[in-house]
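Trainee: predicted model follows, preceded by the sequence.
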Amino acid sequence: MRSIAIIGAGFSGTATAVHLLKRAHSPVRIILIDDRPDTAAGLAYSASQQDCLLNVPASQMSLDVSHPGELADFAARQGMRVGAQDFLSRALYGRYLADCLHSARASSGMECTRVWGRVTRLVQPRNHTRSWRLDLDDGHLILADEVVLAIGNPRPAHLTALQAIRGTNRYVHDPWGAWPQERPERAPRRVLLLGTGLTMADVALRLALRGPEPPEILALSRHGRLPQPQTAFDRATLLPDAVATLRGSSGSLRKLVRVVHSLSRQLNGVGGDWREVINVVRSIAPELWGGLSDTDRRRFLRHVRPIWDVHRHRLPPAAAQELQRLQSAGGLTVQAGSLESATLTRAGVEVIWRQRGTQQRELAIVGRIFNCTGPDYRAAQSESALVKSLLSSGLIVSDPLHLGIRLTGDGEVVDAGGHVVKGLYYIGPWLRARDWEATAVSELRNHARRLAEHLAGSAVNGWRHQGSQRGAWTLAERTATR
């Protein structure tokens, strides 16, 4: 029986497995591997994210695009009254993904095994009928015909200014992980959040809900911009020639920026919403991104990206309103500037930062610093043993702009020599190097569907095997659950 190993059981890995279970034309064994106990949730949608809301309404978050009400129906079965424009919790979404996987596995009759472990190395063995050997950190191994890398978002970058406090309970490097626990009377009275994007918003709102005396929050980023709020809007008001106009400006960043501004103004003038223009740009982002030169791409990253991010990565209305309330009440202060140093003192952490556009330096004492700068997508900076191994062996290579790794249009990995690595695929945020927009459910669910269709099709297009190879498994039964 053909076997496909998916490394990572978060959204991307789960979505790929679900679509593959629905589309496989011949018997296939799917092995989902992750070192987290949660099935399907990953870090973003784990049980610890109960207080954090999705940034997109329920009708746009279903795994199956053809059934936009699927997530709302699941919430209704949990006893919730949910409308299409409601913003649900991340934890609920994790349970929904697990339910999708369970249903797909039950209806397909295919074998789908969940393995709890960490893959540290991929090897192409020469003396087995399987194409890949996956080495786990506990000494076990898995043999598979194809491998899908769905390793999820990396952790934030290590900032030089924070070197002195790394490893202390005064610093939270990854807000999506565990936070230090302390008695309420010893909780920090003031905290610094580095970054002012969606991660900052989630952290600030969680801190605001902590006890009767939440800490005073200072949020600092290079531009000091907060994400724009989501709204409910009628897509029918979109100008009919918007897509053609955008495509006609592809190949020039200057023209694209000018057209997006013009379309947004026109749309607002006829009672529409500029967010519709952003969504249309997202829908053809791979085409637009692919048409830009490396020079224009670098210009975009340096000059346009900060503005794009706050308009594209938007807040749920309730979260935006609460942040506004916090700011008005003095509980949240947002500043534009850069951190220069952080030093441990008896009073806490002494931070020095410089205001944007000036040489003026500010000093503040905070009890804790949270790194809310977002994932560090540079593959060379990854802390993953697997990624380090893949880079050192040349199986994967960074793209020139260090946004991700080199891939084909079908998601196959391209190695350091420029050759396609047959049977090795990737899905996740590193697709940004190829398509730019590749971090949200609306994009990743389509990538997962297309990858599943490609994998399912390869079983039809002349795939051959030499037996089931069940005897080749050395994985202990205790690590696998059906």
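Mentor: Noted; the coordinates are in hand.
Trainee: check Ile165 and give its pLDDT.
Mentor: We note a pLDDT of 96 for Ile165 in this prediction.
Trainee: count of neighbours near it?
Mentor: Residues lying near Ile165 (other Cβ atoms under 10 Å) number 18. Placement of C-beta: from N, CA and C, glycine included.
Trainee: check Gln327 too.
Mentor: 16.
Trainee: got a list of contacts for the helix or strand harbouring it?
Mentor: Element membership of Gln327 [criterion: DSSP states H and E] is helix 317-329. Residues from elsewhere that reach helix 317-329 (Cβ atoms under 8 Å, 6 or more residues apart in numbering): 53, 87, 201-202, 204-205, 208, 217, 226-231, 315, 332-334.
Trainee: that helix: which residues count as buried?
Mentor: Pro317, Ala319, Ala320, Glu322, Leu323, Leu326, Gln327 (16 or more other Cβ atoms under 10 Å).
Trainee: for stretch 138-151, same thing?
Mentor: In stretch 138-151, counting by 16+ other Cβ under 10 Å, buried: His140, Leu141, Ile142, Leu143, Ala144, Asp145, Glu146, Val147, Val148, Leu149, Ala150, Ile151.
Trainee: so how far does it reach from one end to the other?
Mentor: 18 Å (Cα to Cα, to the nearest Å).
Trainee: now list the buried members of the contacts of helix 317-329.
Mentor: 53, 87, 201-202, 204-205, 208, 217, 226-230, 315, 332, 334.
Trainee: so which of the residues you listed are in strands?
Mentor: Members of these lying in strands (criterion: DSSP state E): Ile217, Leu332, Val334.
Trainee: turn those into CSV, including distance to Val18 and pLDDT.
Mentor: CSV is the format used below for those (distance: Cβ to Cβ, whole Å; pLDDT from 0 to 100):
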residue, distance to Val18, pLDDT
Ile217, 38, 97
Leu332, 39, 96
Val334, 39, 97
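Trainee: I'd like to know which of those residues is nearest to Ile165.
Mentor: Ile217 (17.9 Å; Cβ to Cβ).
Trainee: for the chain, what spans make up the helices?
Mentor: Taking DSSP state H as the test, the helices found in the chain are 11-23, 70-77, 90-108, 198-208, 242-248, 253-269, 274-283, 285-290, 294-299, 305-312, 317-329, 385-393, 432-435, 441-458.
Trainee: return the most buried member of those helices.
Mentor: Counting by mean count of other Cβ atoms under 10 Å, helix 11-23 has the highest mean neighbour count of the helices of the chain, with a mean of 26.
Trainee: what's that one packed up against?
Mentor: strand 2-7, strand 28-34, helix 90-108, helix 441-458 (3 or more Cβ pairs under 8 Å, 6 or more residues apart in numbering; DSSP states H and E).
Trainee: reformat these as JSON lines; add mean pLDDT and distance to Ser221.
Mentor: JSON lines is the format used below for the helices and strands packed on helix 11-23 (pLDDT from 0 to 100; distance: least, Cβ to Cβ, whole Å):
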{"stretch": "strand 2-7", "mean pLDDT": "95", "distance to Ser221": "33"}
{"stretch": "strand 28-34", "mean pLDDT": "94", "distance to Ser221": "32"}
{"stretch": "helix 90-108", "mean pLDDT": "91", "distance to Ser221": "23"}
{"stretch": "helix 441-458", "mean pLDDT": "91", "distance to Ser221": "24"}
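Trainee: nearest to Arg258, of the ones you listed?
Mentor: helix 441-458 (24.9 Å).
Trainee: and the closest one, how far out from the chain middle?
Mentor: How far helix 441-458 lies from its chain's middle: 16 Å, per Cα atoms, centre = their mean, to the nearest Å.
Trainee: could you export that helix as CSV, CA atoms only?
Mentor: In CSV, the C-alpha atoms belonging to helix 441-458 read as follows (Å, rounded to 0.1, in the frame of the first residue of the first chain):
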residue,chain,number,x,y,z
VAL,A,441,-6.8,29.8,6.0
SER,A,442,-8.3,31.2,2.8
GLU,A,443,-5.1,30.6,0.9
LEU,A,444,-3.8,27.5,2.7
ARG,A,445,-7.0,25.5,2.3
ASN,A,446,-6.7,26.0,-1.4
HIS,A,447,-3.1,25.0,-1.4
ALA,A,448,-4.0,21.9,0.6
ARG,A,449,-6.7,20.9,-1.8
ARG,A,450,-4.4,21.3,-4.9
LEU,A,451,-1.6,19.4,-3.2
ALA,A,452,-4.0,16.6,-2.3
GLU,A,453,-5.3,16.5,-5.8
HIS,A,454,-1.7,16.2,-7.1
LEU,A,455,-0.9,13.5,-4.6
ALA,A,456,-4.1,11.6,-5.4
GLY,A,457,-3.4,11.9,-9.1
SER,A,458,0.1,10.5,-8.9
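Trainee: now do it: everything it contacts.
Mentor: The contact list for helix 441-458, computed with Cβ under 8 Å, 6+ apart, reads 4, 11-12, 15-16, 18-20, 22-25, 56, 60-61, 63, 65, 146, 148, 282, 410-411, 425, 427-428, 431, 435, 437-438.
Trainee: was I right about Leu207 contacting Glu213?
Mentor: No: contact criterion Cβ atoms under 8 Å: Leu207 and Glu213 do not qualify, at 11.1 Å.
Trainee: can I see the domain layout of the protein?
Mentor: For the chain, automatic domain parsing gives the domain ranges 2-52+89-154+377-481, 160-222+318-371, 235-312.
Trainee: nearest to Arg77, of those?
Mentor: Going by Cβ to Cβ, the one of the domains of the chain nearest Arg77 is domain 2-52+89-154+377-481, 8.6 Å.
Trainee: quick one: the closest one to chain centroid distance?
Mentor: 15 Å.
Trainee: which stretches of this structure aren't confidently modelled?
Mentor: Within the chain, the stretches with pLDDT under 70 are 39-44, 46-51, 128, 183-185, 211, 233-239, 458-482.
Trainee: if you set the cut-off to 80 instead, what comes out?
Mentor: Across the chain, residues meeting the criterion (pLDDT under 80) sit at 25, 37-51, 109, 127-130, 178, 180-187, 210-212, 232-240, 458-482.
Trainee: endpoints of stretch 352-359, how far apart?
Mentor: End-to-end distance (Cα to Cα), stretch 352-359: 12 Å.
Trainee: next, the buried residues of it.
Mentor: Trp353.
Trainee: repeat that for stretch 356-375.
Mentor: For stretch 356-375, a neighbour-count test (16+ other Cβ under 10 Å) marks Ala364, Val366, Gly367, Arg368, Ile369, Phe370, Asn371, Cys372, Thr373, Gly374, Pro375 as buried.
Trainee: from these, which land in strands?
Mentor: Per DSSP E, those map to strands at Ala364, Val366, Arg368, Ile369, Phe370, Asn371.
Trainee: tell me the one of the residues you listed nearest Arg302?
Mentor: For these, the nearest to Arg302 is Asn371 (21.9 Å; Cβ to Cβ).
Trainee: residues touching that closest one, list them.
Mentor: Residues near Asn371 by Cβ under 8 Å, 6+ apart: Pro156, Leu159, Leu162, Tyr171, Val172, His173, Asp174, Pro175, Leu194, Gly195.
Trainee: nearest to Thr343 among those?
Mentor: Leu162 (10.4 Å).
Trainee: beta-bridge partners for the spatially closest residue to that closest one that is not a sequence neighbour, please?
Mentor: Leaving aside its sequence neighbours, Leu162 sits nearest to Ala342 (Cβ to Cβ, 6 or more residues apart in numbering; 5.3 Å). Beta-bridge partners of Ala342, counted by DSSP bridges, are Val351.
Trainee: show me the contacts for Ala342.
Mentor: Neighbours of Ala342 in contact, by Cβ under 8 Å, 6+ apart: Ala161, Leu162, Ala164, Ile165, Tyr171, Val349, Glu350, Val351, Ile369.
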